[in-house]
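[1] this one's structure only:
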């Protein structure tokens with residue numbers, strides 16, 4: 001999408017960066033506010049919006065440099081934005097403690113480029129559909145100025161990827177769904193009658209006990225971001241595990257199973273985020 005014409009001469013790269021409005025979406029480690037926004041801010045980008053609905057946990061403190069013990073419990077996006085706005089002169093990082101689905105097409109249309117590292121295919125398909133809906137056609141011909149480029153990336157252990165998607169021009173998320181790894185699921189017969197792993201016990205409580213007992217009221221869905229919900233699942237999972245002499249059920253594992261969390265490797269995240277910035281983001285904006 002064309003950069004604001006007010007940026008001056010095409011050779012004025014600093015002016016160009018100043019007028020590029022960028023949006024970061026994050027639920028996974030790839031665009032974690034403790035890394036990606038800081039990298040872009042120090043690379044010259046001045047208008048950055050970041051969205052993250054997670055809050056800071058103690059476990060987040062040992063793998064980044066933006067959060068401090070006093071920040072535990074606060075929204076990650078807000079703390080990251082405060083840090084970067086104080087540290088990087090003339091940088092405007094706007095935090096959003098929301099879900100990506102909380103915003104409409106007017107909000108997304110304002111950005112020149114979007115980077116996301118979402119940890120679910122459902123969320124990826126949603127933002128992909130949103131950007132497709134922003135496209136304009138004149139006599140059946142795509143208007144290039146309506147394209148908002150999407151850089152999609154993610155990591156899984158020691159593996160990762162980052163790619164550029166030009167809605168309406170290149171293969172999008174819907175076109176390449178088969179490339180995403182399948183979600184790990186356990187057979188229901190094993191979960192219900194022959195549990196062997198701590199994960200089996202957690203899945204039993206999540207899939208069977210929660211709907212049956214409805215501990216927080218009729219129709220209240222399980223929220224993986226609610227500590228009280230996770231604590232209830234954890235306690236019930238420990239009880240079931242003790243019935244089968246299974247060890248290893250912890251609060252952290254319970255949270256990981258419920259939220260489908262994949263352990264993050266800091267070096268992998270750094271490589272993939274760097275690839276997205278140096279090989280994908282900057283060349284794409286240079287071309288705009």
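    On my side now, so go ahead. Worth saying up front: this structure is predicted, and the values here are computed from it rather than measured.

[2] so who does residue 96 touch?
    Under the criterion of CB atoms under 8 Å, 6 or more residues apart in numbering, the contact list for residue 96 reads 49-52, 77, 102-103. C-beta here means a position set from N, CA and C on the backbone, and glycine is covered the same way.

[3] out of these, the closest to residue 260 would be?
    Of all the contacts of residue 96, the one with the least separation from residue 260 (CB to CB) is residue 52, at 17.1 Å.

[4] ok so, going back, narrow the contacts of residue 96 to those that are buried.
    Taking 16 or more other CB atoms under 10 Å as the criterion, what is buried in the contacts of residue 96 is 49-52, 77.

[5] sitting in helices, which of those do you find?
    For the buried ones among the contacts of residue 96, the ones inside helices are residue 77, with DSSP state H as the criterion.

[6] which ones among the buried ones among the contacts of residue 96 lie within strands?
    49-51 (DSSP state E).

[7] ok, now which ones touch residue 71?
    Residues touching residue 71, when contacts are defined by CB under 8 Å, 6+ apart, comprise 56, 79.

[8] shaky segments in the stretch 101-250 of the chain?
    Residues of the stretch 101-250 of the chain that meet the criterion pLDDT under 70 are absent altogether.

[9] kindly recompute the last result at 90.
    Of all residues in the stretch 101-250 of the chain, those with pLDDT under 90 make up the ranges 112-113, 115-122, 152-163, 177-190, 192-194, 219, 224-226.

[10] helices of that one, start to end?
    When assigned using DSSP state H, counting those that start in this stretch, the helices of the stretch 101-250 of the chain occupy the ranges 105-109, 121-133, 188-193, 198-204, 210-213, 227-243.

[11] so can I have a markdown table of those showing mean neighbour count?
    Converted to a markdown table, the helices of the stretch 101-250 of the chain look like this (neighbours: other CB atoms under 10 Å):
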| stretch | mean neighbour count |
| --- | --- |
| helix 105-109 | 13 |
| helix 121-133 | 17 |
| helix 188-193 | 13 |
| helix 198-204 | 23 |
| helix 210-213 | 12 |
| helix 227-243 | 17 |
